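K.L.:
Here is a sequence together with a model predicted from it:
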Amino acid sequence: MNTHSHLFKVIAQLLIGVMCGQPLLSLAADLRVDLNAGGYTQITQAGNGVPIVNIATPKGNGLSHNKFADYNVDKQGLILNNSTDKFTHTELGGIIVGNSQLHGQSARLILNEVTGGRASQLKGYTEVAGKQAHVVIANPHGITCDGCGFINTPHATLTTGKPIIEQDQLKRYDVNGGQVEITGAGLNASNISQFDLITRSAKINAELHANQLNIITGRNSVNAQTLAATAKENSQTDKPSLAIDSSALGGMYAGAIRLVGTEAGVGVKLAGDMAASAGDIQIDTTGKLTLAHLSAKQQINASAQGVELTKQVYAGDKVKFNADTLTNKSNLLAANGIDLIVNEIDNQGLIEAGLGEDNTLNGTADIRIKSTELKNTGSVIASRHIQIDSKRKLSNTAGSLVADGGLTVTTNQLDNQQGLITAVGTVDVSAQQINNRNQGEISSQVQLTVSADTLDNRDSGRVLSNAALNLNVQQINNTDGVVDTQGNLNIAAQSIDNSSGHIVGDGGVRIISDRLDNQAGGLILSHGTLEATVKTLTNQQGALVADAGVHLKGQALNNAAGRINSQNSVQLDYTELNNTQGLVVAGNDLTIGAQIVENAQGELSAGQTLALDTQLLKQKKGQILSAGKMRLSAQILDNTGQGLISAGTDLTIEADQLDNQEQGTVMSDGVLSIQARQLNNNGKGLLASKELLQVQTDRLDQHSQGELISGKAIQLNLSGGDLNNSQGGLIYAPQLQLQRVALLNNSQGGEISTVENLDLNAAQLNNSGGLINSGKTLQVRVEGIINNTVQGLLSAGQDLQISALSLDNSQKGILIANGDLSLLANQQVNNSQNGTILANGKLQLSSADLKNTHSGL
């Protein structure tokens, strides 16, 4: 290397720099010092022609205040000479002479204030020569940056505010107007720590790159240190339409971004990209905020009069919006949470928390929304919890609210038609009015609680839970809807309409209501127990089903053509029970307590015991069945018209009046015990038992083919009342006891028959055309008259013993004994007109008068 040649070049450059470094008043019209302002600012140029500003001597606090009539930077750039050395190296101008005006003290803040009347055009880089300093360019008429940037400064500020200096310190910026525009080749501040724009309005039509970016807009007094902005009184003079206007080409890229707009009603429109690669994005404006692509490594915080999202917004940490309105037409995403405090929200896109940059879910992100009205036709998704408090209305029509944790909704009016509200965790929904029609779904994989004045779940609406489900609602309309849980279901309501709907609880169902309509195919199903306290329950053509048991109580239960059944027990406690054409079936016990039971063509059935306690039971063509014991208690039990009462074992009936006429049937495979003051079994009524049949009554009417039959024995106690077994009535048992009968009418084909002994006691006996038969001894004791005329037959397989006041056996009456026959009549025995008295053994007749004329035998 030729050392002499190299040394010559260095010396030549120094000489050129020194020669060109003589003070100038201006460089054409691009850069002019304000001579009227005083000060010692000088303009020179480097050897390559780059302008150099020898800045004014700094004050004691390091402030160098320079005033310019015109301040522009062309593409070759500008050097602010802050060097205290004799020579210093610069990137723009090479080696230049140091600034002798510094007197050995570099500036910490270089303030370049424009006092002239023209805007500044910054088309190149501004370099601080020597020690780094904060650079401030202030021009109230505006600043345009087209390819501008900064070198060797930690902090740069462009402002249209007037710098306010107090005690040799820059205190604040007084902003009344002006605009800063980034256009063309944009602005590069990525090589400095902080960059500020302080102006009434800013227009970003090109890319802006920075580390810490602050844009403060509006008529403000801005603290120079903290950048805290104090808004001035609102003024319509030259009021901009937008505080910050960024076109599709105007992207902002920084480590962290803060945008502030204080002017009332003046919005911020960011149509370009905005990205904070290391920190937060903070936006505060009193007007409308329109955002396109927005992303931050950390948080995104925005406060505005209104917010509109047109493209995706993503925060690596959290998103917080505070606004009067929010319209989301795209995706609002955050990794760790989203907080929205907005009066009116219109979400047409996706709001999701918990999504990482690599599209993985973290499981710890919540979404909290506080609003007056929320309209969601899109999706709101959280990897953990969602909490929504929408004071007036939440419209989730065709929208989705989905949480992997818990979900809480509080509102006055909830419209979830065709919508989805669901969570993996607990779901709590509270509203005055809930519209969940048209396949709307509210569901939880754990516990779901719904509290409301009204719940409209019609037309395939669904309320679902995989665990407990609690409905605390005044009025529920579940017509053609579904309420289903895999756990316990608890419903408390004033009224429930489940017509054609399904209410299902796998664990158990508990209902408390004033009114429940379960008509027209409605189904209430429990795979556990079903407990309902309902004043008025209508189950016409509906079904109430429980595997582990049913217990219903209230005032009126209408089960006409309906079905109530359980594999276990069923208990009904109602003032009125209408089971017309209905079905009540218990796999185990059936217990019914009611004042009135209407079971016409209905069925009450128990797999084990059946107990019914009522004042009035009517069951024309109805059936009461039990495989085990049965006990019926009623003031009036009407089993007429082909009614059927049947027990697999013992059957006990207690009634003031038992009507079993017109082909009514009461039968038992065990003991049949009947206590009734009045027992009507006429018209082909049937009382039958395979075991003992006990009847205690004041009056038994069996005429017209009524039947009283036992496979073993009958104990019939009339308590001094009458027995009418005429016209084909039948009383039969292997063993038969008739006690305390006043008038026994067994005429016209009536039959009383037993295999064993028969002891018959009555005040009077009419057996005209009837049959009384004993397979063994027949003992007839009548206080008054025995009428055995017209082929009446008293027959004994062994002895026949008759005692009466008188006996009329005329007109082919027959007394016959296979053994002895004893007849005692205190008055007359009339055996005339083919009467027959016949014994295979001894015949003993004692009478005050015997009439045996006209072929008497």
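P.N.:
Cool, the structure landed.

K.L.:
what domains does the record give for this structure?
P.N.:
With domains defined by automatic domain parsing, the chain comprises 3-130, 487-628, 637-851.

K.L.:
The helix or strand hosting Gly721 pairs with which strands, and in what direction?
P.N.:
Using DSSP states H and E, Gly721 sits in strand 713-724. Counting by DSSP bridges, the strands paired with strand 713-724 are strand 692-701 (parallel), strand 735-745 (parallel).

K.L.:
Quick one: residues in contact with the helix or strand where Ile786 lies.
P.N.:
Assigned by DSSP H and E, Ile786 falls within strand 785-787. Applying CB atoms under 8 Å, 6 or more residues apart in numbering, the contact partners of strand 785-787 are 747, 764-768, 780, 802, 804-808. Using the backbone N, CA and C atoms, a C-beta is placed for each residue, glycine as well.

K.L.:
that older thread, relative to Asp324, which of the domains of the chain is closest?
P.N.:
Comparison of the domains of the chain against Asp324 by CB to CB identifies domain 3-130 as nearest, at 34.4 Å.

K.L.:
and the closest one, average pLDDT?
P.N.:
Mean pLDDT, computed over domain 3-130, is 85.

K.L.:
same question, stretch 176-190
P.N.:
So the average pLDDT for stretch 176-190 ends up being 97.

K.L.:
Then stretch 529-544?
P.N.:
In this model, stretch 529-544 carries a mean pLDDT of 96.

K.L.:
quick one: contacts for Leu843?
P.N.:
Leu843 makes contacts with 820-821, 823, 837, as judged by CB under 8 Å, 6+ apart.

K.L.:
hang on, isn't Ala315 packed against Gln282?
P.N.:
No - at 11.4 Å, Ala315 does not count as touching Gln282 under the criterion of CB atoms under 8 Å.

K.L.:
ok, those two, which is more surrounded?
P.N.:
Ala315 (26 against 19; other CB atoms under 10 Å).

K.L.:
Got phi/psi on that one?
P.N.:
Dihedral angles of Ala315 (phi, psi; degrees, to the nearest 10) stand at phi -120, psi 130.

K.L.:
who touches it in this structure?
P.N.:
Residues counted as contacts of Ala315 (CB under 8 Å, 6+ apart) are 281, 295-296, 298-300, 333-336.

K.L.:
Would you map the strands across the stretch 301-450 of the chain?
P.N.:
Along the stretch 301-450 of the chain, counting by DSSP state E, counting those that start in this stretch, strands occupy 313-315, 318-328, 331-334, 337-347, 350-353, 366-376, 379-382, 386-395, 400-403, 407-415, 420-423, 427-435, 441-444, 448-456.

K.L.:
can you redo those as TSV with mean pLDDT and distance to Gln581?
P.N.:
Formatted as TSV, the strands of the stretch 301-450 of the chain follow (pLDDT from 0 to 100; distance: least, CB to CB, whole Å):
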stretch	mean pLDDT	distance to Gln581
strand 313-315	97	63
strand 318-328	97	56
strand 331-334	97	58
strand 337-347	98	52
strand 350-353	98	54
strand 366-376	98	47
strand 379-382	98	49
strand 386-395	97	44
strand 400-403	98	45
strand 407-415	98	40
strand 420-423	97	40
strand 427-435	97	35
strand 441-444	97	35
strand 448-456	97	31
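
K.L.:
which one of those lies closest to Gly542?
P.N.:
strand 448-456 (18.9 Å).

K.L.:
about what we covered before: adding distance to Ser247 and neighbour count as columns, could you present the contacts of Ala315 in JSON lines?
P.N.:
Output for those, formatted as JSON lines (distance: CB to CB, whole Å; neighbours: other CB atoms under 10 Å):
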{"residue": "Ile281", "distance to Ser247": "18", "neighbour count": "27"}
{"residue": "Ser295", "distance to Ser247": "18", "neighbour count": "19"}
{"residue": "Ala296", "distance to Ser247": "21", "neighbour count": "28"}
{"residue": "Gln298", "distance to Ser247": "26", "neighbour count": "19"}
{"residue": "Gln299", "distance to Ser247": "26", "neighbour count": "21"}
{"residue": "Ile300", "distance to Ser247": "21", "neighbour count": "28"}
{"residue": "Leu333", "distance to Ser247": "24", "neighbour count": "23"}
{"residue": "Ala334", "distance to Ser247": "26", "neighbour count": "27"}
{"residue": "Ala335", "distance to Ser247": "29", "neighbour count": "24"}
{"residue": "Asn336", "distance to Ser247": "31", "neighbour count": "21"}
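
K.L.:
okay, these in CSV with distance to Ala56 next?
P.N.:
As requested, the contacts of Ala315 are exported to CSV (distance: CB to CB, whole Å):
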residue, distance to Ala56
Ile281, 37
Ser295, 42
Ala296, 40
Gln298, 40
Gln299, 41
Ile300, 42
Leu333, 50
Ala334, 48
Ala335, 49
Asn336, 49
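
K.L.:
I'm done for today, thanks for sticking with me.
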